[in-house]
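Novice: Sequence and predicted structure below; questions after.
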Amino acid sequence: MGPEIPSFQFCCARLAHGIIVMSVSIKATLSPPTSSGRPNDPELLTREEAAAYLGVSVSSLAHWSTSGLGPVFVRLGRRAWYRQSVLDTWIESQVPERMRGR
């Protein structure tokens, strides 16, 4: 069994003119992958799983990722992996400020 993975620190701030700045601090060492090639972290989702979780197409999520609009992901080898807690935080950041707390 590998070391524990520290949590991500995800920050999102809205600046003047509707500009949104996002930053992520990651200090993590992943456990070795399982025999299936999947990282040994149940919270990590493939791009396909993340798209289904968000209710969008895989191509939309891929486009958002390459343009910097989507949730933060981790690239391990050729695959993009999304942490479910980061997806939840990203969803909350998409709610307009005037609608929060309703």
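Specialist: The structure has been received and is ready for your questions.

Novice: ranges for the strands of this protein?
Specialist: 9-14, 20-25, 44-46, 74-76, 79-83 (DSSP state E).

Novice: Mind listing what's buried along stretch 76-88?
Specialist: Of the residues in stretch 76-88, 80-83, 86-87 count as buried by neighbour count, 16 or more other C-beta atoms under 10 Å. From N, CA and C alone the C-beta is placed, and that goes for glycine too.

Novice: as a whole number, average confidence for it?
Specialist: Along stretch 76-88, the predicted local confidence has a mean pLDDT of 89.

Novice: Dump the C-alpha coordinates for that stretch into CSV.
Specialist: Backbone C-alpha positions of stretch 76-88 (Å, rounded to 0.1, in the frame of the first residue of the first chain) are rendered in CSV as follows:
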residue,chain,number,x,y,z
LEU,A,76,-0.5,10.4,-15.7
GLY,A,77,1.1,9.0,-18.8
ARG,A,78,-1.3,9.6,-21.7
ARG,A,79,-4.5,9.7,-19.7
ALA,A,80,-6.2,12.7,-18.0
TRP,A,81,-7.5,12.0,-14.5
TYR,A,82,-10.0,14.1,-12.6
ARG,A,83,-10.4,14.1,-8.8
GLN,A,84,-14.1,14.0,-7.9
SER,A,85,-13.7,16.6,-5.1
VAL,A,86,-12.1,19.0,-7.7
LEU,A,87,-15.0,18.4,-10.0
ASP,A,88,-17.4,19.3,-7.1
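
Novice: how about low-confidence regions in the protein?
Specialist: In the prediction, the chain carries residues with pLDDT under 70 at positions 1-40, 97, 99-102.

Novice: pretty sure Glu43 is in contact with Ser85, am I right?
Specialist: Yes: under the contact definition of C-beta atoms under 8 Å, Glu43 touches Ser85, with a separation of 6.4 Å.

Novice: just to revisit the earlier point, export the buried residues of stretch 76-88 to CSV and tack on distance to Ser65?
Specialist: Output for the buried residues of stretch 76-88, formatted as CSV (distance: C-beta to C-beta, whole Å):
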residue, distance to Ser65
Ala80, 6
Trp81, 11
Tyr82, 9
Arg83, 14
Val86, 12
Leu87, 12
